[in-house]
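Asker: got a sequence here, can you model it:
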Amino acid sequence: MNLRRENVKMVGKLAVVAAGMFAFGYALVPIYKAICEMTGINVLALGERNLSGAPTSLPANTQVDTSRSITVEFDANSRGPWQFKPAQRSLQVHPGELTTVVYEFQNVQNRRMSAQAIPSYAPQQASKHFNKLECFCFQQYTLEPGEKKSWPVAFVIDPKLSRDVKTITLSYTFFEVGSKTPPAPVADASGRVATGVGA
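Answerer: Next comes the predicted model:
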């Protein structure tokens with residue numbers, strides 16, 4: 001009789017423990033959300049609250065220097081019979097701001113061609129502060145006759161760029177790879193133009 005009574009007590013205790021564990025597990029999600037919202041470490045809870053249509057204010061990117069703007073001009077040069085141009089000629093950017101522009105290209109020949117673009121900058125001092133995160137100039141492309149392409153250039157201008165620089169020109173020279181059309185001539189350290197003949 002005592003054994004049966006002990007078994008009933010044990011079952012009761014186990015039932016209470018199981019009910020408590022179930023209640024704790026059920027309450028864990030709202031408790032977690034409340035604690036994380038109070039401490040400010042829960043990005044998911046903020047995202048859910050934004051879905052409700054409430055106005056949001058994102059933290060400002062402290063890497064962007066909004067105190068000044070730089071005019072970036074885009075130029076395109078073709079060393080061959082094709083069409084190559086920027087989708088827009090210039091825009092205003094803040095140093096530290098991620099910006100994307102598009103260059104358009106069309107192979108107007110009746111044959112397949114492979115080509116690559118080489119960038120240059122003016123003034124020259126801007127080149128080390130002009131950081132390209134994505135650029136079609138990183139590789140060669142093969143285009144079929146009449147094929148059109150639009151290629152993005154994503155860049156950030158380093159805020160350390162001198163405040164004296166108000167305008168930067170990003171210029172691309174697009175030339176065919178493996179053809180008789182040579183790339184643009186490049187001056188060596190002495191200022192003499194290297195032709196590649198008799199070097």
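Asker: wait, doesn't residue 118 sit right on residue 172?
Answerer: Yes: using C-beta atoms under 8 Å, residue 118 and residue 172 qualify as a contacting pair, with a distance of 6.9 Å. Backbone N, C-alpha and C define where each C-beta goes, glycine included.
Asker: quick check: neighbours shared by those two?
Answerer: Any residue near both residue 118 and residue 172 by C-beta atoms under 8 Å, 6 or more residues apart in numbering counts here, and that gives residue 137.
Asker: neighbour count winner among these two?
Answerer: For residue 118 and residue 172, the more surrounded residue by other C-beta atoms under 10 Å is residue 172, and the numbers stand at 24 against 15.
Asker: what's the helix or strand hosting that one packed up against?
Answerer: Take DSSP states H and E as the rule and residue 172 turns out to sit in strand 167-176. Contacting strand 167-176 under the criterion 3 or more C-beta pairs under 8 Å, 6 or more residues apart in numbering; DSSP states H and E are the following elements: strand 70-79, strand 113-122, strand 148-157.
Asker: which positions within that strand qualify as buried?
Answerer: 168, 170, 171, 172, 173, 174, 175, 176 (16 or more other C-beta atoms under 10 Å).
Asker: partners of the fourth one in the sheet?
Answerer: It refers to residue 172. Taking DSSP bridges as the rule, residue 172 bridges to residue 76, residue 119.
Asker: one more: the last one?
Answerer: Judged by DSSP bridges, the bridge partners of residue 176 are residue 115.
Asker: I'd guess residue 127 is in a strand, am I close?
Answerer: No: with DSSP: H, G, I helix; E, B strand; the rest coil as the criterion, residue 127 is assigned helix and is not in a strand.
Asker: and the residue nearest to it when sequence neighbours are not counted, what does it touch?
Answerer: Nearest in space to residue 127, with sequence neighbours left out and distances taken as C-beta to C-beta, 6 or more residues apart in numbering, is residue 121 at 4.2 Å. Taking C-beta under 8 Å, 6+ apart as the definition of contact, the neighbours of residue 121 are 127, 130, 168, 169, 170, 171.
Asker: ok, residue 121 to residue 71 distance?
Answerer: With distances defined as C-beta to C-beta, to the nearest Å, the gap from residue 121 to residue 71 amounts to 14 Å.
Asker: neighbours of residue 139, how many?
Answerer: 8.
Asker: with residue 69 instead?
Answerer: Every residue meeting other C-beta under 10 Å relative to residue 69 is counted, giving 14.
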